[in-house]
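> Structure for the following, please:
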Amino acid sequence: MSVEFVVGVLNTSMSAIFGASLLALWYYQRELGYIAILVFSYGVRILSFGSLYAAFALDEPELRMVSNTLILTATMLLSIAISKRLRLRPHYGSLMAIMAISLTGGGFFLLVEDNLPIRAAAINLGLAAICFVMLVDLAKRHERTPVEQLLFGQVFIAFLSFVSRPLTFLIPGIDPAQSEAVYWIVVSISDTLICSTLAAAIFAVIAVDVMDRFKAEAQIDMLSGLFNRRGFESRALPLLARQNDSAPAALILTDLDHFKSINDRFGHLDGDKVIRAFSDILKDKAPRDAIVGRIGGEEFAILIPPGLAAAAHAMADTARAAFKAAAPGIFAHAFHPTASFGIAIARTGDNLLALMERADRALYQAKNDGRDCVR
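Modelled structure (predicted):
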């Protein structure tokens with residue numbers, strides 16, 4: 001089996017397998033946009049090794065230049081995908097500068113003065129520099145998950161591999177006539193390892209992201225777009241743990257008045273419209289870090305973060321008034337829905353259950369006081 005076959009066919013096939021797998025994942029998880037960038041990255045890798053195989057077969061230096069450009073582009077796309085996944089702005093300027101410098105050096109020592117060792121150093125150090133950009137982005141995550149640690153490790157291994165490749169020409173005892181063949185064998189083996197190990201880390205990251213999406217969706221009420229009871233409680237407990245006597249949290253419980261009669265008289269579709277409209281108002285009027293959930297059929301909860309409890313009554317009354325003002329436009333009936341609110345300020349030693357019980361008593365008082373009010 002020739003070196004050309006190993007480099008051109010084996011590496012191309014591996015890239016195609018991983019690219020096709022990523023494409024299938026993206027088809028079912030299109031919300032994870034960084035997967036699409038990874039698909040492009042592996043697609044460009046296929047073209048890179050395909051053009052390299054053609055360069056070997058046709059002895060065309062221009063095709064080697066094309067291959068170098070494509071492999072740098074593929075690695076750059078990988079860096080962009082990682083930045084997107086981490087919700088960071090990709091380093092477009094730095095990546096383009098690295099690519100330009102690397103290709104300038106590689107092109108000169110290919111098309112003007114043919115020198116494989118220097119050309120290999122120019123291209124591989126460019127690839128290493130792009131890996132360094134990825135490592136910088138990953139290092140910004142001070143609390144990396146296990147799969148992010150795995151990805152960091154695999155990118156670091158790729159970085160070391162790219163840095164060490166040009167050293168192949170300095171190994172003593174190798175016949176200079178065979179040094180090029182040895183170099184391409186090293187490239188093929190190391191790229192196979194880089195391609196497979198990075199792909200494994202990438203698939204692990206995607207798997208965790210997909211599971212996190214499933215968990216998040218399981219805690220969202222699909223009608224209102226708010227947290228359901230499970231989602232509300234899982235986020236409320238850590239928030240309550242942050243409070244203290246000088247900065248207590250507050251809980252607002254609110255209930256749609258006469259909601260059963262809305263469903264009975266006008267149907268569940270109109271009832272759903274009321275829930276969606278009320279949910280939008282609660283999200284809009286709640287403080288930025290508040291936790292808003294639909295914890296029952298027509299019952300909602302807003303947990304106000306520590307330090308903002310004094311604003312709870314004003315927020316509740318603003319939401320009540322906004323809903324009352326919007327009610328005539330929700331559906332074409334003379335009946336205008338309203339909402340009642342009950343507030344409880346957290347006390348020392350309060351857990352979520354105790355806070356909800358006191359807020360529920362305040363809500364009950366609002367109902368007894370004629371509804372459409374805050375207590």
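> Select the longest helix from the chain.
In the chain, taking DSSP state H as the definition, the longest helix is helix 179-218.
> Give the next helix or strand downstream of that helix.
Helices and strands here follow DSSP states H and E; after helix 179-218, the next one along the chain is helix 229-241.
> Give me the contacts around that next one.
Residues from elsewhere that reach helix 229-241, judged by C-beta atoms under 8 Å, 6 or more residues apart in numbering: 216, 218-221, 226-227, 249, 291-293, 295-296, 301, 303, 305-306, 346, 350-352, 355. Any C-beta I mention is one placed from the backbone N, CA and C, and that applies to glycine too.
> Buried only: go through those for me.
Buried members of the contacts of helix 229-241, scored by 16 or more other C-beta atoms under 10 Å, are 219-221, 226-227, 249, 291-293, 295, 301, 303, 305-306, 346, 350, 352, 355.
> Which ones among those residues lie within strands?
Per DSSP state E, strands hold the following members of the buried ones among the contacts of helix 229-241: 291-293, 301, 303.
> Before we go further, residue 341 is sitting in a strand, right?
Yes. According to DSSP: H, G, I helix; E, B strand; the rest coil, the state of residue 341 is that of a strand.
> Sketch out the strands for the protein, chain order is fine.
Taking DSSP E as the criterion, the chain carries its strands at 250-256, 291-294, 299-304, 339-345.
> So for residue 263, which of those sits nearest?
In terms of C-beta to C-beta, the element of the strands of the chain nearest to residue 263 is strand 250-256, at 10.3 Å.
> Mind giving me the packing neighbours of the closest one?
In this structure, strand 250-256 makes packing contacts with helix 268-285, strand 299-304, helix 312-326, strand 339-345, helix 352-368, judged by 3 or more C-beta pairs under 8 Å, 6 or more residues apart in numbering; DSSP states H and E.
> For residue 180, which of those is the nearest?
Among the helices and strands packed on strand 250-256, the nearest to residue 180 by C-beta to C-beta is helix 268-285 (63.8 Å).
> Quick one: the strands of the chain as TSV, columns for distance to residue 31 too.
TSV is the format used below for those (distance: least, C-beta to C-beta, whole Å):
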stretch	distance to residue 31
strand 250-256	31
strand 291-294	22
strand 299-304	26
strand 339-345	33
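> Any idea how many residues pack against the closest residue to residue 180 other than its chain neighbours?
Leaving aside its chain neighbours, residue 180 sits nearest to residue 116 (5.9 Å; criterion: C-beta to C-beta, 6 or more residues apart in numbering). The local packing of residue 116 (other C-beta atoms under 10 Å) involves 16 other residues.
> show me the contacts for residue 116.
109, 169, 179-180, 183.
> Find the pair from those residues with maximum spatial separation.
Spatial extent of the contacts of residue 116 (C-beta to C-beta) is set by the pair 109 and 179 at 15.2 Å.
> For these two, indicate the residue with more neighbours.
The residue with more neighbours, out of residue 109 and residue 179 and counting by other C-beta under 10 Å, is residue 109; that gives 19 against 16.
> Pretty sure that one sits against residue 119.
Yes. If you go by C-beta atoms under 8 Å, residue 109 and residue 119 touch, sitting 4.1 Å apart.
> What values do phi and psi take at residue 249?
phi -90, psi 170 (degrees, to the nearest 10).
> Now do the residue positioned nearest the centre of the chain against residue 32, distance only.
Computing the C-alpha centroid of the chain and ranking residues by C-alpha atoms, centre = their mean puts residue 85 first, at 4.3 Å. Going from residue 85 to residue 32 by C-beta to C-beta, to the nearest Å gives 8 Å.
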